[in-house]
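S.K.: quick one, structure for this:
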Amino acid sequence: MTTVAPKPIVTRPWPVHQPVKGSAFTRLLRTTDAKQIGLMYLVTSFVWFMIGGALALAMRAE
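M.R.: Here you go, the predicted structure:
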């Protein structure tokens, strides 16, 4: 009876997922990650708060 040698396990030398094309800004705008979206909401609300504060100071200065 002949014996059969085990076949080697083939592994991939490349990553499974290809990186997303485009700049970091476009990737940020097209994201579906909840943490990144929440961070964008937080930053946007803080920016509008600062703009509103500057406008309130300008109205008070008049």
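
S.K.: what helix or strand does G38 sit in?
M.R.: Assigned by DSSP states H and E, G38 falls within helix 34-61.

S.K.: run the chain-centre distance for that helix.
M.R.: 21 Å (C-alpha atoms, centre = their mean, to the nearest Å).

S.K.: avg pLDDT for it?
M.R.: Here helix 34-61 scores 96 as its mean pLDDT.

S.K.: buried set for that helix?
M.R.: By 16 or more other C-beta atoms under 10 Å, helix 34-61 has no buried positions at all. From N, CA and C alone the C-beta is placed, and that goes for glycine too.

S.K.: how about the contacts made by Q36?
M.R.: Shown in contact with Q36 (C-beta atoms under 8 Å, 6 or more residues apart in numbering): L28.

S.K.: distance of it from L29?
M.R.: 10 Å (C-beta to C-beta, to the nearest Å).
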